[in-house]
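1. using only what follows, build the 3D model:
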Amino acid sequence: MSVNRFVLNGISYHGHGAIQEIPELIRSRGFKKAFVVSDPDLVKFGVTAKVTDLLKENGIEYELYSDVKPNPTIENVQHGVEAFKNSGADCMITIGGGSSMDTGKAIGIIINNPEFADVRSLEGVAPTKKRTVFTIAVPTTGGTGAESTINYVITDVQKKRKFVCVDPNDIPDIAVVDPDMMASMPKGLTASTGMDALTHAIEGYTTAGAWELADCLNLEAIRLIAKNLRKAYENDPDGREGMALAQYVTAMAYSNVGLGIAHSMAHTLGAVYDTPHGVACAMMLPIVMEFNQNYTGDKFKYIAEAFGVDTTGMDEAAYRKAAIDAVKQLSEDVGIPKKLEKLSEEDLPFLCESAAADACAPSNPRPASLEDLEAMFRQLM
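-> As a prediction, this is how the structure comes out:
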């Protein structure tokens, strides 16, 4: 019998107004100053201020660090480590999508494990000894679920690649999932982050490491996304709340069982072309589902049913096609492009090699050769 590990946040808060809990969460633990990690757009549009204003009102000191790129880089992290050291902070609040959270995770790990100051040394499963800085994670997108995962992704600009870091020590201590923090997301970001969550759920459900505890979470996340993403795209409050829950639920699961080559390929597209991660995932997902379908047992039947498809009387081929078609339709309904104009013939060898070397590739249910990867990339051209 194999042993399956499951790592989760110690505490999470969910629902409209959940951010109101933050000052007391800091005060009750005796922390004096928070290092707030957020991205420039969230600062500009007043989203970050929803939290920092609460800190001010409650007399809690903080320092804001907003040098965060959409695909955070090694340099981002190094600057953040120095800023944290200079701030005198003793805890951290990360506000944003995966970019802010991934930057914060790397900063917090290095602060408490300074022997990993060379950020590249964190790639893969890093043998860190100490937990990250005490962190409260506040998502502003309904997608990455980084507030409840043991993973983060950093871009190596010099080598034109993204690398995945997996470390149980990096999971935030507390997640505060407040759909009101997501209300100002523009349509394009709502679509891409929502499709990222769907990619997490479907890849996590069909990955080589999937098992029952993760399966029940991922399948429920697929159902929630099928029901709520179109509504969230139209900024419906119920849709926002549904997506806030869905992205958290699937993140709890995929963080523990791994992903697949849709993510491997999306990571390299993001590193080479700076393609938004969720868009890259959304474009790759149905292509990879078609590639994997004969290696997924009856799971596509349950995916199709989660989308509301009546699979009565369908054979394997029919329900697999129904699942893929449902994903394609959702992607189209929320405006995801089908082609990547930047993708060039001369980049294909590097893209394929990079995707094959990605940490998500080994858990794909079907092994993918360089030729397989090239054929899938070509479908975006």
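
2. got a pLDDT number for residue 160?
-> With respect to pLDDT, residue 160 has a value of 83.

3. so it makes contact with residue 272?
-> Yes - in this structure, residue 160 is within contact of residue 272 by CB atoms under 8 Å, at 5.6 Å. Where C-beta positions appear, they are placed from N, C-alpha and C, glycine not excepted.

4. okay, the two: which has more neighbours?
-> A count of neighbours by other CB atoms under 10 Å puts residue 272 above the other of residue 160 and residue 272, at 18 against 15.

5. checking that one next. Helix, strand or coil?
-> Secondary structure assignment for residue 272 (DSSP: H, G, I helix; E, B strand; the rest coil): helix.

6. residues contacting it?
-> By CB atoms under 8 Å, 6 or more residues apart in numbering, the residues touching residue 272 are 160, 347, 350-351, 354.

7. from those residues, keep the buried residues only.
-> Burial by neighbour count, judged by 16 or more other CB atoms under 10 Å, picks out 347, 351, 354 from these.

8. just give the closest residue to the last one, not the sequence neighbours.
-> Translated: residue 354. Excluding its sequence neighbours, the residue lying closest to residue 354 (CB to CB, 6 or more residues apart in numbering) is residue 268, at 4.0 Å.

9. now swap in the first one and tell me
-> Once flanking residues are discounted, residue 347 sits nearest to residue 272: 6.2 Å by CB to CB, 6+ apart.

10. could you do residue 336 as well?
-> Counting by CB to CB, 6+ apart, residue 336 lies nearest to residue 282, which is 4.3 Å off, once chain neighbours are set aside.

11. which pLDDT does the model give that neighbour?
-> According to the predicted model, the pLDDT of residue 282 comes to 96.

12. re the thing from before, name the nearest of the contacts of residue 272 relative to residue 211.
-> Nearest to residue 211 among the contacts of residue 272, counting by CB to CB, is residue 354 at 29.1 Å.

13. just checking, that closest one touches residue 161?
-> Yes - assessed by CB under 8 Å, residue 354 is found in contact with residue 161 at 5.4 Å.

14. who touches both of the two?
-> Listed contacts common to residue 354 and residue 161 are 267-268, 271; contacts here mean CB under 8 Å, 6+ apart.

15. let me have those in CSV, adding pLDDT and distance to residue 172 as columns.
-> Listed next are the shared contacts of residue 354 and residue 161 as CSV, based on pLDDT from 0 to 100; distance: CB to CB, whole Å:
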residue, pLDDT, distance to residue 172
267, 93, 22
268, 94, 27
271, 89, 25
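
16. what's the burial count for residue 115?
-> Residues contacting residue 115 under the criterion other CB under 10 Å number 10.

17. nearest residue to residue 288 other than its sequence neighbours?
-> Distance criterion CB to CB, 6+ apart; nearest residue to residue 288, sequence neighbours excluded, is residue 262 at 4.1 Å.

18. do I have it right that the one you found meets residue 201?
-> No - in this structure, residue 262 is not within contact of residue 201 by CB under 8 Å, at 11.4 Å.

19. can you tell me the closest non-neighbouring residue to residue 142?
-> If the residues on either side of it in the chain are set aside, residue 142 comes closest to residue 243, at 3.3 Å by CB to CB, 6+ apart.

20. give me the three-state assignment for that neighbour.
-> Local secondary structure at residue 243 is given as helix here, using three-state DSSP.

21. any idea how far it is from residue 174?
-> Taking CB to CB, to the nearest Å as the criterion, residue 243 is separated from residue 174 by 20 Å.

22. OK, contacts around residue 223?
-> Contacts here follow CB under 8 Å, 6+ apart; on that basis residue 223 touches residue 306.

23. which helix or which strand is home to it?
-> Using DSSP states H and E, residue 223 maps to helix 212-233.

24. just the C-alpha atoms of that helix, please, in PDB.
-> What follows is the C-alpha trace of helix 212-233 in PDB, where atoms were taken according to Å, rounded to 0.1, in the frame of the first residue of the first chain:
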ATOM      1  CA  GLU A 212      -9.600   9.600  -3.800                       C
ATOM      2  CA  LEU A 213      -9.200  12.500  -1.400                       C
ATOM      3  CA  ALA A 214      -7.800  14.800  -4.100                       C
ATOM      4  CA  ASP A 215     -10.400  13.400  -6.700                       C
ATOM      5  CA  CYS A 216     -13.400  14.400  -4.700                       C
ATOM      6  CA  LEU A 217     -12.000  18.000  -4.300                       C
ATOM      7  CA  ASN A 218     -11.000  18.400  -7.900                       C
ATOM      8  CA  LEU A 219     -14.300  17.000  -9.200                       C
ATOM      9  CA  GLU A 220     -16.200  19.500  -7.000                       C
ATOM     10  CA  ALA A 221     -14.000  22.300  -8.300                       C
ATOM     11  CA  ILE A 222     -14.800  21.400 -11.900                       C
ATOM     12  CA  ARG A 223     -18.500  21.500 -11.100                       C
ATOM     13  CA  LEU A 224     -18.100  24.900  -9.300                       C
ATOM     14  CA  ILE A 225     -16.100  26.400 -12.200                       C
ATOM     15  CA  ALA A 226     -18.600  25.100 -14.900                       C
ATOM     16  CA  LYS A 227     -21.400  26.700 -12.900                       C
ATOM     17  CA  ASN A 228     -19.700  30.000 -11.900                       C
ATOM     18  CA  LEU A 229     -17.000  31.100 -14.300                       C
ATOM     19  CA  ARG A 230     -19.400  32.600 -16.900                       C
ATOM     20  CA  LYS A 231     -21.200  34.500 -14.100                       C
ATOM     21  CA  ALA A 232     -18.000  35.700 -12.600                       C
ATOM     22  CA  TYR A 233     -16.900  36.900 -16.000                       C
END
